[in-house]
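> quick check, what structure comes out for this input:
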Amino acid sequence: MAPVAPAAPAPVGKPAPAAQAVGAPLTDPAARRGEYIASAAGCLGCHTEAKDKAVAYAGGRALKTPFGTFYGPNITPHPEAGIGKWSEVDFARALREGLRPDGAHYFPAFPYPSFARISEADLRDLWAYLRALPPSARQNQAHDLGFAFNLRFLVRFWKWLYFTPGRFTPDPKRNATVNRGDYLVNVLGHCGECHTPRNFLGGPKRARHLAGTPKGKRDGGVSNLTPANLKKWDDTELTGFLQSGMTADGDVTGERMGEVVSNTTSRLSAQDLASMIAYLRALPPIADAP
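Model (predicted):
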């Protein structure tokens with residue numbers, strides 16, 4: 001079976017432009033709520049080309065992986081180049097089942113394993129926002145993948161091993177704040193797609209959920225988000241970092257996480273940031289891998 005690439009919320013590259021820079025003011029309340037959902041989900045970073053004056057959500061962002069390079073698609077409402085001919089049912093199937101309108105499987109570089117649990121209200125609001133964007137005729141770029149890795153039918157087997165569809169269910173043993181943080185971190189924010197190590201098939205090592213990856217030859221590693229690492233930071237320091245990308249000692253995060261801060265966490269409400277931190281504090285501590 002061909003391995004498939006892990007998803008990434010913000011590929012390395014220049015920060016994507018703000019969505020407001022290319023669209024008319026949003027008047028529909030659902031679309032305004034959907035704009036917040038899009039920020040929380042990091043849609044801008046994967047669906048906007050990394051170049052000056054790129055059209056937001058028009059696709060083209062390159063995501064380099066061990067399996068080849070994926071290119072984010074155009075998700076503006078253009079009828080040919082984008083998703084203008086999609087129905088809301090098509091959109092729901094893409095997020096919740098990882099299926100294209102023609103029934104073919106999406107590669108899980110698109111983080112539907114996380115998005116599958118999105119709430120009905122958030123899905124509808126996100127759909128309203130994307131429908132309100134100005135359409136772009138930018139054509140999608142084909143993925144550049146090696147043989148076997150580019151065979152979509154093999155994703156069926158990957159899903160059988162690693163994909164569990166279903167809606168988010170709050171944990172009755174946790175309070176509302178921690179449950180909201182769980183939803184933001186694991187569903188909309190899909191933090192585990194980058195902060196959970198992968199096996200050779202691109203499947204997540206669930207026993208090390210959010211425990212990060214060690215620094216290796218190919219990259220600088222990904223931070224451990226469990227209390228084993230976050231205990232070094234107090235809540236004020238964590239909030240400041242998620243709002244600015246700067247640590248308490250004046251260090252600045254790398255380009256990849258910097259884009260997550262710019263396009264996602266800095267746009268969240270103070271209450272949602274506090275919920276995310278509360279959830280991460282409630283995780284079982286997992287020591288860094290050697």
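
> quick one: buried residues of the helix or strand hosting residue 262?
Element membership of residue 262, judged by DSSP states H and E, is helix 255-263. Neighbour-count burial for helix 255-263, counted by 16 or more other CB atoms under 10 Å, picks out 256, 257, 258, 259, 260, 261, 262, 263. (C-beta placed from N, C-alpha, C; glycine too.)

> show me the helices in the stretch 51-200 of the chain, by range?
88-97, 112-115, 120-132, 155-162, 176-183, 192-195 (DSSP state H, counting those that start in this stretch).

> wait, which of those helices is closest to residue 51?
In terms of CB to CB, the element of these nearest to residue 51 is helix 120-132, at 21.5 Å.

> tell me which strands and helices that closest one is in contact with?
helix 29-40, helix 88-97 (3 or more CB pairs under 8 Å, 6 or more residues apart in numbering; DSSP states H and E).

> looking at those helices, which is buried most?
The highest mean neighbour count among the helices and strands packed on helix 120-132, using mean count of other CB atoms under 10 Å, belongs to helix 29-40: a mean of 20.

> what ranges in the chain fall below the confidence cut-off?
Within the chain, the ranges that satisfy pLDDT under 70 run 1-25, 215-220.

> domain-wise, how is it divided?
The chain breaks down by automatic domain parsing into domains covering 19-162, 176-282.

> okay, the ones you listed in CSV with distance to residue 168 next?
Converted to CSV, these look like this (distance: least, CB to CB, whole Å):
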stretch, distance to residue 168
domain 19-162, 4
domain 176-282, 5
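
> ok, residue 148 touching residue 157?
No - between residue 148 and residue 157 there is no contact under CB atoms under 8 Å: 11.8 Å.

> neighbour count winner among the two?
Higher neighbour count among residue 148 and residue 157: residue 157, with 14 against 11, using other CB atoms under 10 Å.

> if we can go back for a sec, and residue 227, which of the helices and strands packed on helix 120-132 is closest to it?
The closest of those to residue 227 is helix 29-40. By CB to CB, the value is 22.8 Å.

> next secondary structure element downstream of the closest one?
Downstream of helix 29-40, the next assigned helix or strand under DSSP H and E is helix 43-46.

> report the distance from stretch 60-79 to the chain centre.
Centroid separation for stretch 60-79 versus its chain: 13 Å, with CA atoms, centre = their mean, to the nearest Å.

> ok, the closest residue to residue 130 other than its chain neighbours - contacts?
Leaving aside its chain neighbours, residue 130 sits nearest to residue 75 (5.8 Å; criterion: CB to CB, 6 or more residues apart in numbering). Shown in contact with residue 75 (CB atoms under 8 Å, 6 or more residues apart in numbering): 43, 47, 57, 59, 82, 83, 130.

> which one among those residues gets closest to residue 230?
The closest of those to residue 230 turns out to be residue 43 (CB to CB; 25.9 Å).

> check contacts around the closest one.
Residue 43 makes contacts with 57, 75, as judged by CB under 8 Å, 6+ apart.

> I'd like to know how far it sits from residue 86.
15 Å (CB to CB, to the nearest Å).

> please apply the same query to residue 50.
Distance check for residue 50 against residue 86: by CB to CB, it reads 25 Å.

> these two: which is more packed in?
residue 86 (20 against 17).

> and the spatially closest residue to that one that is not a sequence neighbour, how many neighbours does it have?
The shortest distance from residue 86 to any non-neighbouring residue, by CB to CB, 6+ apart, is to residue 101 (6.1 Å). Residue 101 has 14 neighbours, counted by other CB under 10 Å.
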